[in-house]
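Asks: Take a look and give me a structure for this.
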Amino acid sequence: MIAFFSAADVHRAVSPERAVEAVRDAFIDYARGEWTMPPKVYVPAYPAGDFRAMPALGGGHALLKWVTSFPGNPAQGLPTVTGLVLLSDASNGMLKAVFDAGAVTALRTGAAAVLAAETLGRADAETAAVIGAGVNGEAAARTFVARGRRALLWDVDGSRAASVAEQIGAGVASSREEAFAADLLVTVTPGHEIVLPEGTLKPGQHASLMGADGPGKAEIAVEELARVRVFCDDREKGDPRGTPGRGRIYADDWEQASHNGDLMHAVTAGVLGRHDVAQLGDVLTGTAEGRKSDRDITVFDSTGLAIQDLAIALEAMARADELGLPTIDL
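Replies: Have a look, this model is predicted:
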């Protein structure tokens with residue numbers, strides 16, 4: 001009998017706070033080589049959208065996520081992201097559980113965005129903002145709130161931002177400019193147009209880029225990534241009153257982000273190379289540098305990892321017996 005987790009069951013099983021801790025552990029286990037993750041496979045169905053197959057192995061289990069991304073679906077009353085997550089016992093290959101992929105994706109996306117912001121942002125960061133009030137943008141804002149931080153939401157659809165903010169206890173940015181001024185900025189847009197043009201990010205700011213998770217998508221201009229990479233502060237310009245600052249660029253996984261994320265465009269243009277980018281898991285394990293100065297600009301490029309899905313699935317399974325889940329007899 002195979003346990004089935006609906007979207008509601010996934011959210012009942014895993015709180016945003018637990019999702020952050022589970023995803024943190026997954027990044028660490030992956031960085032240490034204890035978990036493995038073959039490359040994500042894209043099956044294009046453009047221009048409508050695409051299918052993705054995402055495998056991972058760790059914690060005595062194997063996972064496969066078969067998930068879609070069809071940005072035009074909401075106009076038809078359908079979700080952008082649909083699919084299933086399959087969890088199997090790695091000792092005998094037996095299927096143990098099936099999960100709603102949209103709920104797993106939202107939880108781990110919100111967790112990764114906030115984990116990166118907490119890890120790479122300034123210790124004294126006060127303000128947080130999320131650009132995009134869709135399912136995953138809501139998850140990021142909800143996770144900020146669950147972690148005790150007030151978050152502002154901004155969306156091109158102001159009424160949607162207001163409705164989501166009211167539901168989750170977040171605020172609404174009075175303007176796009178107010179949102180862009182936040183100490184901790186998260187972008188969760190469809191990735192079809194640049195939301196961070198050249199000159200947007202300021203000294204001391206952190207940005208988690210969560211929307212450009214596939215070929216052709218981008219949320220930040222290549223010119224802005226180039227500017228961040230060579231960012232210099234007032235002291236470096238000869239002003240003794242200045243304080244040290246650098247631009248620092250990070251990824252959830254270099255191989256995946258450099259082929260399918262915002263970084264891909266900068267790598268193709270010759271602006272960034274492997275030596276310019278650190279992985280978040282390496283920062284968490286202490287093998288790569290994080291923020292060194294309150295004036296550093298930090299950028300995290302996320303393309304979404306199967307190890308994050310595995311982390312959420314295992315966390316949910318820990319509560320399976322107490323949820324009264326429906327089962328599937330194969």
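Asks: all strands for the stretch 151-300 of the chain, in order.
Replies: 151-154, 171-172, 184-187, 206-209, 247-251, 277-279, 297-301 (DSSP state E, counting those that start in this stretch).
Asks: Please export the C-alpha coordinates of the third one as CSV.
Replies: As requested, C-alpha coordinates have been extracted for strand 184-187 and formatted as CSV (Å, rounded to 0.1, in the frame of the first residue of the first chain):
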residue,chain,number,x,y,z
LEU,A,184,16.6,40.8,1.5
LEU,A,185,15.0,40.6,-1.9
VAL,A,186,13.4,37.5,-3.4
THR,A,187,12.2,37.4,-7.0
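Asks: Tell me which of the strands of the stretch 151-300 of the chain lies nearest to S91.
Replies: strand 277-279 (29.0 Å; Cβ to Cβ). Glycine gets a C-beta too; all of them are placed from N, C-alpha and C.
Asks: List the strands paired with that closest one, with their directions.
Replies: According to DSSP bridges, strand 277-279 forms sheet pairs with strand 247-251 (parallel).
Asks: quick one: the strand it pairs with to strand 297-301, angle?
Replies: Note on geometry: by axes from the mean of the first three to the mean of the last three Cα atoms, to 10 degrees, strand 247-251 and strand 297-301 are set 20 degrees apart in direction.
Asks: mind listing what F27 touches?
Replies: With contact set as Cβ atoms under 8 Å, 6 or more residues apart in numbering, F27 has these partners: 115, 252, 280-281, 284, 307.
Asks: Please verify my assumption that P39 contacts E255.
Replies: Yes: contact status for P39 versus E255: in contact at 6.9 Å, counting by Cβ atoms under 8 Å.
Asks: Please identify which of the strands of the stretch 151-300 of the chain is closest to G102.
Replies: Between these, strand 184-187 lies closest to G102; by Cβ to Cβ that is 18.7 Å.
Asks: State the mean pLDDT of the closest one.
Replies: The pLDDT scores in strand 184-187 average 98.
Asks: quick check, distance from it to the centre of its chain.
Replies: On the basis of Cα atoms, centre = their mean, to the nearest Å, strand 184-187 is displaced by 10 Å from the centre of the chain it belongs to.
Asks: Which strands border that strand, and is each parallel or antiparallel?
Replies: strand 128-131 (parallel), strand 206-209 (parallel).
Asks: Need the pLDDT of K202.
Replies: On the pLDDT scale, K202 is placed at 95.
Asks: need the contact list for it.
Replies: 181, 297.
Asks: Check the gap between it and A221 for me.
Replies: 15 Å (Cβ to Cβ, to the nearest Å).
Asks: And D276, by the same measure?
Replies: 16 Å.
Asks: looking at the strands of the stretch 151-300 of the chain, which is closest to V230?
Replies: strand 247-251 (6.7 Å).
Asks: could you dump the closest one to CSV, C-alpha only?
Replies: The C-alpha trace of strand 247-251 is given here as CSV (Å, rounded to 0.1, in the frame of the first residue of the first chain):
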residue,chain,number,x,y,z
GLY,A,247,30.0,41.4,-5.1
ARG,A,248,29.4,37.8,-4.4
ILE,A,249,27.5,35.4,-6.6
TYR,A,250,26.2,32.0,-5.5
ALA,A,251,24.2,29.1,-6.9
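Asks: Any chance you could list what contacts that strand?
Replies: Residues contacting strand 247-251 (Cβ under 8 Å, 6+ apart): 116, 120, 225, 227-231, 257-258, 261, 263, 272, 276-280, 283, 289-291, 296-303.
Asks: Could you rank the contacts of F27 by neighbour count and give me the top one?
Replies: Neighbour tally across the contacts of F27 (other Cβ atoms under 10 Å): the maximum, 29 neighbours, falls on L280.
Asks: quick one: the strands in the stretch 1-150 of the chain?
Replies: Under DSSP E, counting those that start in this stretch, the stretch 1-150 of the chain gives strands at 2-5, 41-45, 49-58, 61-69, 83-89, 95-100, 128-131.
Asks: Worst mean pLDDT among these?
Replies: It's strand 41-45: among those, that one has the lowest mean pLDDT, namely a mean of 93.
Asks: and that one with strand 61-69, angle?
Replies: Using the same axes, to 10 degrees: strand 41-45 against strand 61-69 is 20 degrees.
Asks: which of the strands of the stretch 1-150 of the chain sits most buried?
Replies: strand 128-131 (a mean of 30; mean count of other Cβ atoms under 10 Å).
Asks: Can you pull out the low-pLDDT segments for the protein?
Replies: Scanning the chain for pLDDT under 70 picks out 231-245.
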